[in-house]
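Q: Following is a predicted model, sequence given first.
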There are 2 protein chains.
Amino acid sequence: MDIDTLSEKIVAGDRRALSRAITLIESSRADHRDQAAQLMERLKGAGRQAIRIGLSGTPGVGKSTFIESFGKMLTGQGLRVAVLAVDPSSARSGGSILGDKTRMEELSRDPNAFIRPSPSQSHLGGVARRTREAVAVCEAAGFDVVLIETVGVGQSETVVAEMSDLFILLIAPAGGDELQGVKRGIMEIADIILINKADGDLKPAATRTCSDYSGALRLLRKRPQDPQGFPKAMMVSALERDGLQKSWEEMTALTEWRKENGHFASRREAQARYWFEQEVRQGLLAKLDTPSAREAMQSFAAKVAEGGITPTVAAQELLQGLRD
Amino acid sequence: MDIDTLSEKIVAGDRRALSRAITLIESSRADHRDQAAQLMERLKGAGRQAIRIGLSGTPGVGKSTFIESFGKMLTGQGLRVAVLAVDPSSARSGGSILGDKTRMEELSRDPNAFIRPSPSQSHLGGVARRTREAVAVCEAAGFDVVLIETVGVGQSETVVAEMSDLFILLIAPAGGDELQGVKRGIMEIADIILINKADGDLKPAATRTCSDYSGALRLLRKRPQDPQGFPKAMMVSALERDGLQKSWEEMTALTEWRKENGHFASRREAQARYWFEQEVRQGLLAKLDTPSAREAMQSFAAKVAEGGITPTVAAQELLQGLRD
C-alpha cells in the first residue's frame, strides 16, 4: 500500500490501516523510517485534535483497572479512545509489560477503543519517537482521547509529559510518609493527582492521602498554565467506577480553560520544538550507534580507565576517527 | 612558556604555573584547548593522588565557613588543600558566587591552600570539563586534598560526584519535614552527611536532624563501596570548629577502606570512562554550537512550532544541511 492510500484510510477510520501505520512507525528499517516520516508529514494536514492525556503510576496503583474503567466510561459517552504506552523496560524484558490487552479485557474488545502496547526498543529515545508518532496517527485517525501510560521508571514520565496535553499521576492510598516516595519533579509536572482505590477498607487512607497531596500541591509554585484550583488531588475508585466522571469533568474543564487562554496551543508548540531538538541531538549521537563506533568507544574507554590517555584526548581521537 | 616547562613547574609546586595552567584550561580558544589537552596528557604521568572530596549544600548551610575551618584544620596538619567550585549559575550571573576568596579569608592567605572560583561558562558541560581538568592539575601539583564545592542546583551535584572520591552533603539543622527538601538522588550519592551549625541554640535541632538523616540513610540500599556504618550522618560546627577532626577521620577511614578493597581505583576508572563518553557526546553535539547551526535550528524550530513540518522531517533536513 502506498503512503497516500494508507494516509487516506487512516483518516477514514480504518483500524487495520492504523495498526499497519504504527507497525511501520515502529520499524527500525531505514526505508520504513523514510516512509513513516512521509506518512507523518501527510497526516499532519488532517487537522484533528484529540485530548492527549499522559498517565503515570507505579506498579500496583491500579493503572490497568483505571484505564479499563475510565476508557469504558468515555466510549460509553460516544468518545473514541486510544491507549498507548511508553515502557522503557520493554526492551530489557523482551516484551511490553504495559498495554497488555488481557489487562483491559472489556476495553480491548470495544470498537471505539484502540490499545497498542509499548514499542520495544533499546533506547527510551526510540520508544519516545515511536510513541509520539503513534499519538499523532491516532489523532489523525479521529480519536477523541489518547491516553499515554507509563510505569514511571526514570525519565519516562518526562517523555510522556512532553507528548501530553494533561499529565495525570495515579497513586494508591498509603501511610503518612508516602509523599516522600513521589519524586518532587513528578509532582511538579502533574496536573491532576488521582488517589485510586478509594473504596472499602482503603477509603480512610485514601482520604488522608488525598488531603496530604492537596496540601503538598498548594505549596508548589503557581504555574501560568493553571486556572484557580489546579493542580489538584482527588479520589477515585477504578474498581467501583466511582469518581471517574468527576475526574473527566476536571480534565475537560482544565483543557477548555487552557484552550481559551492560549496555553493549550503554546504547550503543543513548545513540545514540537522540544521533540525537534531531541531528534537533532539523537541524529548527531547516532554516529556512535554503529558496530565500528561502539568498538572504538570500548577500546578507548579501556585505555582511559587504565590511565593510559586522558578522557579529553581519547574523545578527540575517537571523534577524528568518526570524521575520517 | 612551553607546555613541557609549564608541566615541570606545576609538578615542582610553582603556584603561578598552577594558576596559569588553570587559566589555560578555562580558555575556550581552540589553540588553548589543544595546549590544555597536551598539558593534561603530560601531567597524568606525575603519579600523584589526592583525596578528591565533593561538597554540596544549599545556600545558607554555611559551606564557606565549613571550607574555611576544615581547610585551616587540614593545612594546620601540614596537608596542602585546593578548593575548586562547580557553579552552573556563574555563566548567568557573569561571575562566580562560589569560590569567592573573600568568603574564606584565612584560608585564601594560607600558603598551603589554593582557592579557585568556578570557571564561567555557558554550559554545565564546559564547567565540568574545566573543573575536572583543574582537579587533575591540582593533584599533579601535589595537593593532598582537593575540595570541589557546588551549590547543588540541578545536575551540578552529579557532575561533582563524578569527579570526587568522596561526596559530602552539608545541611543545616531544620524541622522534621526537612528530609523532603533533600532530593532522594542526592541522598543516594552522599558518603557522609554533615549537619552543620550544631552549636548554640541550634544544637537540639541539629541532634534531631542528624538522627532523622541517620534513619533515612539506614533505609537506603547497601552499596558495595561502603564499609559497615557508611554512609553516615554526623554533626559539626564549622563556626566553633567542632567535629571537624572527627569528620576528617571518617573521611580518611572510608578512603582507606575503599583503597584496600579496590573500590577507590574502580571508581576512578568508572569516572574516567564516564568523562570520556561525555566528551564524545559533547564533541558530536558541538556541531550545533555554530552561528549558522543555531540559526538553522531556530528557523526550523519556528516552522515545527507552527505545524508546518513534523519534528522528524525538520531534524532530518537540518542534519542533512549540517553534513553538506
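A: Sure thing, it's come through. Since this is a predicted model, take the numbers as computed values, not measurements. Residues are numbered from 1 along each chain as shown, chains lettered A, B, ... in the order given.
Q: Helix, strand or coil: sort out the closest residue to A:L319 other than its chain neighbours for me.
A: In space, not counting the residues next to it along the chain, A:L319 is nearest to B:G283; the distance is 4.5 Å by Cβ to Cβ, 6 or more residues apart in numbering or on different chains. Bear in mind the C-beta positions are built from the backbone N, C-alpha and C, glycine included. Following DSSP: H, G, I helix; E, B strand; the rest coil, B:G283 is assigned to helix.
Q: thinking B:G283 is in contact with A:Q320, fair?
A: No. With contact defined as Cβ atoms under 8 Å, B:G283 does not reach A:Q320; the gap is 9.6 Å.
Q: can you list the weak-confidence ranges in chain A?
A: A:88-102, A:120-123, A:152-154, A:175-184 (pLDDT under 70).
Q: could you pull out the strands for it?
A: For chain A, strands defined by DSSP state E occupy the ranges A:51-56, A:81-86, A:113-115, A:145-150, A:166-171, A:192-195, A:232-235.
Q: Look up how far B:A190 lies from the residue in the stretch 151-300 of chain A that chain B sits nearest to.
A: Closest residue of the stretch 151-300 of chain A to chain B, Cβ to the nearest Cβ: A:E279 (3.4 Å). Between A:E279 and B:A190 the computed distance is 36 Å (Cβ to Cβ, to the nearest Å).
Q: Now do the helices in chain A.
A: Counting by DSSP state H, chain A has helices at residues A:3-11, A:15-26, A:30-43, A:63-76, A:90-93, A:105-109, A:124-140, A:156-161, A:184-189, A:203-219, A:244-260, A:263-285, A:291-306, A:311-323.
Q: Using TSV, please lay out those helices together with mean neighbour count and distance to A:S56.
A: Output for those, formatted as TSV (neighbours: other Cβ atoms under 10 Å in any protein chain shown; distance: least, Cβ to Cβ, whole Å):
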stretch	mean neighbour count	distance to A:S56
helix A:3-11	18	28
helix A:15-26	18	22
helix A:30-43	17	25
helix A:63-76	21	8
helix A:90-93	15	16
helix A:105-109	14	19
helix A:124-140	24	13
helix A:156-161	22	5
helix A:184-189	16	7
helix A:203-219	16	14
helix A:244-260	16	15
helix A:263-285	18	17
helix A:291-306	15	32
helix A:311-323	18	36
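Q: now those helices in TSV, with distance to B:P204?
A: Listed next are those as TSV, based on distance: least, Cβ to Cβ, whole Å:
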stretch	distance to B:P204
helix A:3-11	67
helix A:15-26	60
helix A:30-43	62
helix A:63-76	44
helix A:90-93	48
helix A:105-109	56
helix A:124-140	46
helix A:156-161	39
helix A:184-189	28
helix A:203-219	26
helix A:244-260	45
helix A:263-285	47
helix A:291-306	48
helix A:311-323	47
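Q: Which among those is found nearest to B:V151?
A: For B:V151, the closest of these is helix A:184-189, at 17.6 Å, according to Cβ to Cβ.
Q: With just CA atoms, put the closest one into PDB.
A: Output of helix A:184-189 as PDB, limited to C-alpha atoms (Å, rounded to 0.1, in the frame of the first residue of the first chain):
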ATOM      1  CA  ARG A 184       9.300  16.100  43.500                       C
ATOM      2  CA  GLY A 185       9.900  16.500  39.800                       C
ATOM      3  CA  ILE A 186       6.800  14.400  39.100                       C
ATOM      4  CA  MET A 187       4.600  16.400  41.500                       C
ATOM      5  CA  GLU A 188       5.700  19.500  39.500                       C
ATOM      6  CA  ILE A 189       4.500  18.200  36.200                       C
END
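Q: And it, what does it pack against?
A: Helices and strands touching helix A:184-189, by 3 or more Cβ pairs under 8 Å, 6 or more residues apart in numbering or on different chains; DSSP states H and E, are helix A:156-161, strand A:166-171.
Q: Are the first one and chain B in contact anywhere?
A: This points to helix A:156-161. No. Helix A:156-161 stays clear of chain B (Cβ under 8 Å from any Cβ of the partner chain), getting no nearer than 13.7 Å.
Q: Leaving out chain neighbours, which residue sits closest to the residue of the stretch 1-150 of chain A found nearest chain B?
A: Chain B sits closest to A:M40 of the stretch 1-150 of chain A, with a gap of 4.6 Å, by Cβ to the nearest Cβ. Excluding the flanking residues, the one nearest A:M40 by Cβ to Cβ, 6+ apart is B:T310, at 4.6 Å.
Q: Quick check: phi and psi on that neighbour?
A: Main-chain torsions, B:T310, degrees, to the nearest 10: phi -80, psi 150.
Q: Hmm, it is touching A:R42, no?
A: No. Counting by Cβ under 8 Å, B:T310 stays clear of A:R42, with 9.8 Å between them.
Q: Now do the contacts for A:M234.
A: A:I192, A:I193, A:L194, A:I195, A:C210, A:G243, A:K246, A:S247, A:E250 (Cβ atoms under 8 Å, 6 or more residues apart in numbering or on different chains).
Q: so how far is A:Y213 from it?
A: 9 Å.
Q: do A:V146 as well
A: Going from A:V146 to A:Y213 by Cβ to Cβ gives 25 Å.
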